[in-house]
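[1] what follows is a predicted protein model with its sequence.
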Amino acid sequence: MKFPTKVVCIATILMTSIANAQYTDEVNSNRPGKSMMAFSVGKSVIQTETGINYISENHDKLNYNAKGYFADLALRWGLFKEELELIAEIQYQKDSYQQYAVTSNRSALRQTTFGAKYLFYDPFKNGPEKPNVYSWKANHRFKWKQFIPAFSAYAGANFNFAETNLFANTSVVEATFSPKVMAIAQNHFGDRTVLVTNLIYNKIGTDFSSIDYILTVTHGINQNLSVFLENQGYNGKYYSDGIFRLGAAYLHKKDMQFDASIGTSIKTTPGIFYGGVGFTWRFTKNYKEIKMNKPGTRSKMDKKMDKKAAKSKRKDSVD
């Protein structure tokens, strides 16, 4: 079922069109931010989200600097139900590291994560609120309902394939396997603005465990262009910092999106700056639109005709 309000479905949370099913007319991408939206891509839909970034890192106390690039890839697959999504995330980094006049080249898989997300609550499940045809004021008044978010939960695992911590700047080696869980909330404020909140417990049970958060606000400029502002916080034993990001995304076609963003850290231990571009594409050939009837919208005649059609179909199969 398509909704009358067409929202720009872009960036991290990114402007998910309000729909009874998870699938929307335009691609829903988590890029270019790092937060994860509450809604899935839709049953049987496959989506790729990829990007490449320049990164510069300087540490005041350890007196090192590193410059290079990292590439990331996320694969999202809607499986079994509209609310369920499987997610694979891979990040590869290659840079030149210099400390005390000694330079070395580093390259490794920095992140490999597999997990699943499930939508438990959708405030728009029964469709948008019906407009008041008699009152402009009633249609544009402040609505407390917009503070009720869609809610999802994510559970996954990190896999470490590197023998040494090339990018951790510590002698403690990360565990080969570590769990990751996340609570996800998504609010829609009007037709153009979306807030996504992620609360994350990452690398559970290891020396590198951390409790993190991501807040992303996306605003649609028009039906093709949106901008976003994001704050990500890390709170762990070996690494604590705050990252701010901003950027924009452009909807080229309904299944294709381009994006660009920059980000910087608050601290200088290390100070991090990066910027890059990305691309999102989804495969929808196997998708079959799911239509849900709102309570009370089907008449007795509709139900009677359905029963008659089903009876005729059974009779034809017997003949």
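    Structure received. Numbering: from 1, shown residues only.
[2] measure residue 93 to residue 216 for me?
    23 Å (CB to CB, to the nearest Å). Where you see a C-beta, it was placed from the backbone N, CA and C, and this is true even at glycine.
[3] right, I mislabeled it, should have said residue 190
    16 Å.
[4] could you do residue 64 as well?
    Distance from residue 64 to residue 216, by CB to CB: 30 Å.
[5] cool, and residue 95?
    26 Å.
[6] which one's more surrounded, those two?
    Taking other CB atoms under 10 Å, residue 95 and residue 216 do not tie; residue 216 has more neighbours (26 against 21).
[7] which SS state does residue 146 fall under?
    At residue 146 the chain is in helix, as set by DSSP: H, G, I helix; E, B strand; the rest coil.
[8] oh, I was asking about residue 37
    In three-state terms, and counting by three-state DSSP, residue 37 is coil.
[9] got the phi/psi numbers for it?
    phi -70, psi 160 (degrees, to the nearest 10).
[10] okay, it: pLDDT?
    In this model, residue 37 is scored at 94, pLDDT.
[11] could you do residue 275 as well?
    95.
[12] could you list the buried residues of the longest strand along the chain?
    In the chain, with assignment by DSSP state E, the single longest strand is strand 102-121. Using 16 or more other CB atoms under 10 Å as the test for burial, strand 102-121 gives 108, 110, 112-113, 115, 117-119.
[13] show me what it is packed against.
    strand 64-78, strand 84-99, strand 150-159, strand 177-189 (3 or more CB pairs under 8 Å, 6 or more residues apart in numbering; DSSP states H and E).
[14] now do 6 Å
    strand 84-99, strand 150-159 (3 or more CB pairs under 6 Å, 6 or more residues apart in numbering; DSSP states H and E).
[15] TSV for these, including mean pLDDT and distance to residue 60?
    Shown next, in TSV, are those (pLDDT from 0 to 100; distance: least, CB to CB, whole Å):
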stretch	mean pLDDT	distance to residue 60
strand 84-99	93	13
strand 150-159	96	29
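[16] let me have those in TSV, extended by distance to residue 273.
    Below are these laid out as TSV (distance: least, CB to CB, whole Å):
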stretch	distance to residue 273
strand 84-99	13
strand 150-159	25
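[17] wait, which of these is closest to residue 253?
    Among the helices and strands packed on strand 102-121, the nearest to residue 253 by CB to CB is strand 84-99 (21.8 Å).
[18] what's next to that closest one, contact-wise?
    Strand 84-99 is contacted by residues 40, 64-68, 70-79, 104-107, 109-118 when judged by CB atoms under 6 Å, 6 or more residues apart in numbering.
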